[in-house]
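Chemist: Have a look; sequence and predicted model below, questions after that.
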Amino acid sequence: MSDHAHDIRRYPGARLLTVVFFLWLYLPIAVVIGFSFNQNRLVSVWTGFSTEWYAAALANTALMDALQVSLTVAVIATTGATLIALAAAMVLSRAPAKGVYRLSEVVVNLPLMLPEIVVAVAVLILFSQLGIANGMLKLTLAHMAFCTPFAFLPIRARLQGMSRDFEEAAQDLYAPPFTAFRRVTLPLIAPGVFAGAMLAFVMSMDDFITSNMLNSGGTTTLPVYIFALIKRGTTPELNAISTLLILASLVIATIALLASARAMRRDI
Amino acid sequence: MNMKALKTFRFWGLAPTWLLMGLTLIIPIGIVAGVSLGDRGPYGGFDWALNFSSYREILFTMGWTDELEFDPKYLAIIGRTLAYGLATTAICMALSVPVAYVIANARENWKPLLVYLVTLPFWVSMIVRVYAWLIILGNEGLAEKAWKLLGGGDVDTFLFTPGAMLTGMVYSYIPLMVLPVYAAIEKLDPALLEASHDLYGNRWTTLRRVILPLTWPGLSAGAILVFVPAIGTVLEPMLLGGGKQMMMGTLIQTQFGGGRNWPFGAAVAMVLMALVVIVLILNARRAASAGKEAAA
């Protein structure tokens, strides 16, 4: 103990605070998951274990419709965002960091810098001016925009850490540029691309502000539907739905973070 | 690749990004700026015009006798937004330093796991995270039970209080602070701490004179990452603040929903964006001067 008391790197209470911090960080998630198995109709009164709310959730057609909208938007937005981010990262990782390239780097990351509510309002006004009524198109384009930086950053980091020797070797062996890209560069940066796509997917699935602002008949996403349920009152069914969403987010984010950790290892 | 092919490649590589961001961000925000100068439409929407009445409406109301009266109700919302943003940032800073310090000094093979555990809740949908606090702080929720267990007196409700708002906001954004602070502390040279000790600096002097100044770049990066989304937040005021805690984000939202005054909503959106841009510019200038100092 006296050893600890003299260790200048130890701060009394910091460890305890950190433990409390982690408990606090996971308390809300644990509460939602725990009460989703509660038999009682009242959320906070525990009367016994039950899985009936999951059955109720899965039988809820409005919920399934919202899930379908969310998945459709997320898959299309992720695909688009990843392709756009990949093209931009290929150019920006090899171009001088000045002039139009520097500006482009800012433009790719623009959605991270602006308040989301302002962007959502802006998209709403633009499409109303253009007279485009297709709700899915609006939603998908808006999602694609804010997903792009999340796809861009891991791909960019991977390209930055990668040696160009392999690609140059391929070109020396007369591989046309696109073949060199497809057969050499793409497999090397695949973990970064995968991580970026996964992060973009989670961001799209979880988004509320933009989806709520652009919400119209038939384009209610899962978070917007959950918001409508919350407004009607807290129920165990809501906990069951939230638990499923939590688990999906955690699994996908974990896979993405593992892939991105692999992508950051500069062993090539 | 020859020069011409390189140029073509670079053009087509960046064109989709500019097209997407131009269509969904740059042009629309220009239009918002235009709408904020327009007239209110009779049934929502707006008519193009060129006047500052929507900005004037933020500060003044039209009295019964058609004269402008200063009305602080919207200024109060802007003030509250800034106050919540600053308070959230300050609490996140205060919490992040000890947590990041402990993580940085943890055993080497524990560090990635702890960093992962800090990041993970951030990926859970915002709506679910705020909803979770709604249950905890709500009537007969966990907070109320714990409060009574600890011998606290009767409480009406924890919801709709500034405490509830701050809990939700700090919870939403704290990973964005812990990560940059951790990155800064992790790079700290232990020899500096020992030098401070050898010069008879105690722990707190070392913290104040050595650790905090060297962690400042991480803290200020985190402050931007937390402050910007915090002043644009929508969900916490709506769910945890009830109707009483209107912020700029919710004010903008209502103008495009039930309230239906698009030019006014656009004007508030422009003010919010201006606040964010000012913060970003101040930060860029600070970073530039810090870079110069480091180079000198």
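Modeler: Thanks, I have it.

Chemist: mind listing the strands for chain B?
Modeler: For chain B, applying DSSP state E gives strands covering B:39-40, B:46-47, B:60-62, B:68-70.

Chemist: Next, report how far the third one is displaced from the centre of its chain.
Modeler: Distance of strand B:60-62 from the chain centroid (CA atoms, centre = their mean, to the nearest Å) equals 30 Å.

Chemist: Show me what it packs onto, helices and strands only.
Modeler: Counting contacts by 3 or more CB pairs under 8 Å, 6 or more residues apart in numbering or on different chains; DSSP states H and E, strand B:60-62 packs against strand B:68-70. C-beta: built from backbone N, CA, C; applies to glycine.

Chemist: same deal with the second one?
Modeler: Here strand B:46-47 touches strand B:39-40, helix B:262-295, going by 3+ CB pairs under 8 Å, 6+ apart.

Chemist: Quick one: residues in contact with the shortest one.
Modeler: Pointing back at strand B:39-40 there. For strand B:39-40, contacts defined as CB atoms under 8 Å, 6 or more residues apart in numbering or on different chains pick out B:46-49, B:51, B:53-54, B:261-264.

Chemist: do that again at 6 Å, thanks
Modeler: Strand B:39-40 is contacted by residues B:47, B:49, B:261, B:263 when judged by CB atoms under 6 Å, 6 or more residues apart in numbering or on different chains.

Chemist: for chain B, what are the nearby residues on the stretch 101-250 of chain A?
Modeler: A:104, A:107-108, A:110, A:115, A:117-118, A:121-123, A:125-126, A:141-142, A:145, A:202, A:206, A:208-209, A:223, A:226-227, A:230, A:234, A:242, A:245-246, A:249 (CB under 6 Å from any CB of the partner chain).

Chemist: quick check, the helix or strand hosting A:Pro28 touching chain B?
Modeler: Assigned by DSSP states H and E, A:Pro28 belongs to helix A:14-35. Yes - with CB under 6 Å from any CB as the criterion, chain B is reached by helix A:14-35 at A:14-15, A:17-18, A:21, A:25, A:28, A:31-32.

Chemist: what mean pLDDT does that helix have?
Modeler: Regarding helix A:14-35, the rounded mean pLDDT is 93.

Chemist: Starting from it, tell me the next helix or strand along the chain.
Modeler: helix A:52-58.

Chemist: Pull out the buried positions in that next one.
Modeler: Neighbour-count burial for helix A:52-58 flags A:53-54, A:57 (criterion: 16 or more other CB atoms under 10 Å in any protein chain shown).

Chemist: contact partners of that helix?
Modeler: Helix A:52-58 has contacts (CB under 6 Å, 6+ apart) with A:236-237, A:240-241.

Chemist: quick one: which of those residues is nearest to chain B?
Modeler: For chain B, the closest of the contacts of helix A:52-58 turns out to be A:Ile241, at 8.9 Å, with distances computed as CB to the nearest CB.

Chemist: Once you drop chain neighbours, what's closest to the closest one?
Modeler: Nearest residue to A:Ile241, sequence neighbours excluded (CB to CB, 6 or more residues apart in numbering or on different chains): A:Ala57, at 5.0 Å.

Chemist: again, but for A:Phe166
Modeler: Counting by CB to CB, 6+ apart, A:Phe166 lies nearest to A:Val184, which is 5.1 Å off, once chain neighbours are set aside.

Chemist: and A:Ile226, how many neighbours does it have?
Modeler: By other CB atoms under 10 Å in any protein chain shown, 21 other residues sit near A:Ile226.

Chemist: In terms of helices and strands, where is it?
Modeler: helix A:222-232.

Chemist: quick revisit: TSV please, covering the buried residues of helix A:52-58 and showing pLDDT.
Modeler: Formatted as TSV, those follow (pLDDT from 0 to 100):
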residue	pLDDT
A:Trp53	86
A:Tyr54	89
A:Ala57	87
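
Chemist: Reformat those residues as CSV; add distance to B:Ile26.
Modeler: Putting the buried residues of helix A:52-58 into CSV (distance: CB to CB, whole Å) gives the following:
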residue, distance to B:Ile26
A:Trp53, 45
A:Tyr54, 44
A:Ala57, 41
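
Chemist: Could you list the residues of the stretch 1-150 of chain B in contact with chain A?
Modeler: Proximity of the stretch 1-150 of chain B to chain A (CB under 6 Å from any CB) is limited to residues B:10, B:13-14, B:16-17, B:20-21, B:24-25, B:28-29, B:31-32, B:35, B:98-99, B:102, B:121, B:123-128, B:131-133, B:135-136, B:140-141.

Chemist: list the contacts for B:Lys244?
Modeler: B:Lys244 makes contacts with B:Phe160, as judged by CB under 6 Å, 6+ apart.

Chemist: my bad, A:Arg156
Modeler: So A:Arg156 contacts A:Ala89 (CB under 6 Å, 6+ apart).

Chemist: got the buried residues for the strand or helix carrying it?
Modeler: A:Arg156 belongs to helix A:135-160 when assigned by DSSP H and E. Neighbour-count burial for helix A:135-160 flags A:135, A:138-159 (criterion: 16+ other CB under 10 Å).
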